[in-house]
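# sequence and computational prediction follow.
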Amino acid sequence: MRDTLHSPLRLGPLRPWPTLGVVAALALLPLAALAIGQPFYVVFATRVLIYALIASSLNLLIGYGGMVSFGHAAFVGAGAYTVALLMPAGIISAWLLWPASLLAGAFLAFLIGALSLRTRGVSFIMITLAFAQMAYYLVQSLRALGSDDGLTLSARPSLGFPSLGFLDLDRDATFYYVALAILLGALAAARGLLNAPLGRALQGIRDNETRMEAIGFATYRLKLLVFVIAGAAAGLGGGLLASLNGLVGPNLLHWTQSGLLMIMVILGGTGRLQGGALGAAVLLIAEELIAEHTIHWPLGIGVVLLAVVLFAPEGLLGGLSGLARRRRANRAGT
């Protein structure tokens, strides 16, 4: 147990100046976009932040737990449809809607994980995919959920401060800052979890599950707990997406969405805390830039992914870390 729990898996301290610089740049982004008369970029950046949250939740499974889930989009859809169903019922408070979407993602993750986690490897991948596709076809077939057309939201949720106009979620900048706060809070919570005994045991299971079972860890329960946590975060992301777009459709649960999330994680770097967030930003920005010039933007995305896999197999963050290490080694050598 000592070898596993005290192995060098602990995340090191954050570098204050780079971290503050990134946060400051993100905080100033809406102001810059509005200053140049491009409010569209505020909505786009908000979408990037939400996908960064969802991709980070998947990275928790793949990068730190070794659980390659191909059905993560199901949890996103669960959260999105929860918001879309509750708002017409008169529940408009974001303080109720978003926790409800989180719980919906967690509940579905518990149901799927309880069965899927009894398998490993390719079987686990295929079972998660099968469950996600079952959820997709179920949603598509139910008229109460809008079938192919999905559901629309007449307005965005409310934070409950009508006298404070700057806290109105109908303002794109306000929604952006709320999404940014949620993402930063989720990353901080993930960092705390990974540095806790639970997170370090999870990484031990990823490296050698048989050994962890032999020394007394309830590996199934630990993996299920983390699977539920990741599903909850994805459900919250789905609730945020529904609130931002005002439209929910069955495409949110399709396996292609799960594949897109997996690409984000691979691009940024599996097993790196900010990998999912960076991958989401790079993929969505690349998609936006390429789509402006050609309708064949998936081909361009494929080229980007291929380049990353060939030249930075550990993802963009892994490549940057390796470059930094080589520079420090060169300086030390001179």
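Received the coordinates, thanks. Everything quoted here is computed from the prediction, not taken from an experiment.

# what residues are up against Leu151?
Tyr81, Ala84, Leu85, Leu145, Leu247, Val248, Gly249 (Cβ atoms under 8 Å, 6 or more residues apart in numbering). (C-beta placed from N, C-alpha, C; glycine too.)

# any weak-confidence spans in the stretch 51-200 of the chain?
162-166 (pLDDT under 70).

# can you map out the helices along it?
65, 73-86, 94-116, 121-141, 172-195, 197-207 (DSSP state H, counting those that start in this stretch).

# tell me what the fourth one is packed against?
On a contact count with 3 or more Cβ pairs under 8 Å, 6 or more residues apart in numbering; DSSP states H and E, helix 121-141 meets helix 73-86, helix 94-116, helix 255-268.

# with adjacent residues omitted, what lies nearest to the residue most central in space within the chain?
Central residue of the chain (Cα atoms, centre = their mean): Ile54, 1.6 Å from the mean position. With sequence-adjacent residues excluded and distances taken as Cβ to Cβ, 6 or more residues apart in numbering, Ile54 is closest to Gly237, at 3.8 Å.

# who's in contact with the one you found?
Contact partners of Gly237, counting by Cβ under 8 Å, 6+ apart, are Ile50, Tyr51, Leu53, Ile54, Ser57, Val76, Gly79.

# what's the following helix or strand after the host helix or strand of it?
If you go by DSSP states H and E, Gly237 is part of helix 219-245. As assigned by DSSP H and E, the chain's next helix or strand after helix 219-245 is strand 247-248.

# neighbouring strands of that following strand in the sheet, and parallel or not?
strand 151-152 (antiparallel) (DSSP bridges).

# one step back: just the helices of the stretch 51-200 of the chain: most buried one?
When the helices of the stretch 51-200 of the chain are scored by mean count of other Cβ atoms under 10 Å, the highest mean neighbour count falls to helix 73-86 (a mean of 28).

# contacting residues around Leu61?
Taking Cβ under 8 Å, 6+ apart as the test, what Leu61 contacts is Met67, Val68, Ser69, His72, Val226, Phe227, Ala230.
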